[in-house]
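> A predicted structure for the sequence below; I have some questions about it.
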Amino acid sequence: MIIAIDGPAASGKGTVAKRIAVHYGLRHLDTGALYRAVARDTLAQGGELADSSAAAAAASRLDVATLDDPVLRTAGLGEAASVVARHPEVRAVLLAYQREFVRIPPGAVIDGRDIGTVICPNADVKLFVTATPEERAHRRFLELQAAGAAIAEAEVLADIRDRDQRDMTRTTAPLRQAEDAALLDTTNLDIDAAFRAAIDLVEAAMGNAGRAD
Ligand code: CDP
Ligand code: CDP
């Protein structure tokens, strides 16, 4: 069983993916953490993010035991991740890890940018989670504020727009909705409502009529 979830930054895909995984007893992989960790390690090893060989070397040496490092969630590493994510060499190394992860029983919920299009084109269920840039910037702003970061909401919105642009226009595995993915717009949904809507879409895709509540 593979549930593929894609969408732009702060659309709510990670939160929904985690809850779906618990609901169905599946494993969960946040693939954004892989790119964030490659960016962290490239910088730690003294490399340039724009240098594909330095980033690919960091990807090959990546220790997945470090994917829960809280530093990965900082705003700067989101931006940095989108730079290393442009290198096809980095994507090729991480593709192998992601394919192995989803193959392990009982299956997985996996979220990112290219899961339904490239990593798991034959997933049982595909969701594309989105929300307006303003709503996504507001959510990210609240998260950063809660973490004690001093940053203006307008700056967060500018970063979100930059990252959307970079992710949607890159040559290798750009962010886009797979033709067979169901669309979930969470702009006006809180987390519980988004989760219930996601479960309805998953059940519909599997041909069931069950509900989360
Ligand atoms: O949590 P947020 O949506 O802000 O970002 P993320 O999912 O952690 O992803 C960080 C960056 O990694 C994205 O902006 C993409 O450039 C890249 N990424 C990717 O290219 N492909 C994926 N499957 C996941 C992330
Ligand atoms: O994984 P992604 O970057 O798409 O987003 P996330 O980390 O799941 O959610 C980003 C932030 O928005 C978190 O603080 C969530 O609690 C919040 N959120 C929300 O307010 N309403 C939703 N429907 C989904 C997420």
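Yep, that arrived. Numbers count the residues shown, from 1 in each chain. Ligands and ions are numbered 1, 2, ... in the order given.
> where does the prediction get shaky in this structure?
Along the chain, the parts satisfying pLDDT under 70 run over 209-213.
> which residues of it lie near ligand 1?
Counting by Cβ under 6 Å from any ligand atom, the positions of the chain adjacent to ligand 1 are 9-10, 14, 31-32, 35-36, 78, 81-82, 85, 112-114, 163, 167. Every C-beta, even on glycine, is put in place using the N, C-alpha and C of the backbone.
> out of the residues you listed, which are inside strands?
Gly112 (DSSP state E).
> of the residues of the chain next to ligand 1, which pair is most distant in space?
Pairwise distances across those (Cβ to Cβ) peak at 17.8 Å, for the pair Ala10 and Asp114.
> from the residues of the chain next to ligand 1, which is closest to Val102?
Thr31 (10.4 Å).
> hey, what's the residue nearest to that closest one when sequence neighbours are not counted bridged with?
Once flanking residues are discounted, Thr31 sits nearest to Gly112: 3.5 Å by Cβ to Cβ, 6 or more residues apart in numbering. Residues in a beta bridge with Gly112, per DSSP bridges, are Asp6.
> could you list every residue that touches Gly112?
5-6, 30-32, 119 (Cβ atoms under 8 Å, 6 or more residues apart in numbering).
> which of those come close to ligand 2?
Near ligand 2, by the rule Cβ under 6 Å from any ligand atom, you find none of the contacts of Gly112.
> can I get the residues you listed in a markdown table with neighbour count?
Shown next, in a markdown table, are those (neighbours: other Cβ atoms under 10 Å):
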| residue | neighbour count |
| --- | --- |
| Ile5 | 30 |
| Asp6 | 27 |
| Asp30 | 19 |
| Thr31 | 25 |
| Gly32 | 21 |
| Ile119 | 25 |
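> out of those residues, who's nearest Val129?
Ile5 (6.1 Å).
> surely that closest one meets Arg113?
No - applying Cβ atoms under 8 Å as the test, Ile5 and Arg113 come out as separate, 10.3 Å apart.
> distance of Ala150 from ligand 1?
Using Cβ to the nearest ligand atom, to the nearest Å, Ala150 is found at 19 Å from ligand 1.
> helix, strand or coil for that residue?
Three-state assignment for Ala150 (DSSP: H, G, I helix; E, B strand; the rest coil): coil.
> separation between it and Thr31?
Noted for Ala150: a distance of 29 Å to Thr31, by Cβ to Cβ, to the nearest Å.
> what residues does the host helix or strand of Ala158 touch?
Here Ala158 sits within helix 153-169, counting by DSSP states H and E. Surrounding helix 153-169, the residues in contact under the criterion Cβ under 8 Å, 6+ apart are 8-10, 75, 78-79, 82-83, 85-86, 113, 133-134, 136-138, 140-141, 144, 174-176.
> list only buried entries from these.
Among these, the ones that count as buried by 16 or more other Cβ atoms under 10 Å are 8-10, 75, 78-79, 82-83, 85-86, 113, 133, 136-138, 140-141, 144, 175.
> which of the residues you listed fall in helices?
Counting by DSSP state H, these place 75, 78-79, 82-83, 133, 136-138, 140-141, 144 in helices.
> tell me which two in those residues are the farthest apart.
Maximum pairwise distance among these (Cβ to Cβ): 24.7 Å, between Val83 and His138.
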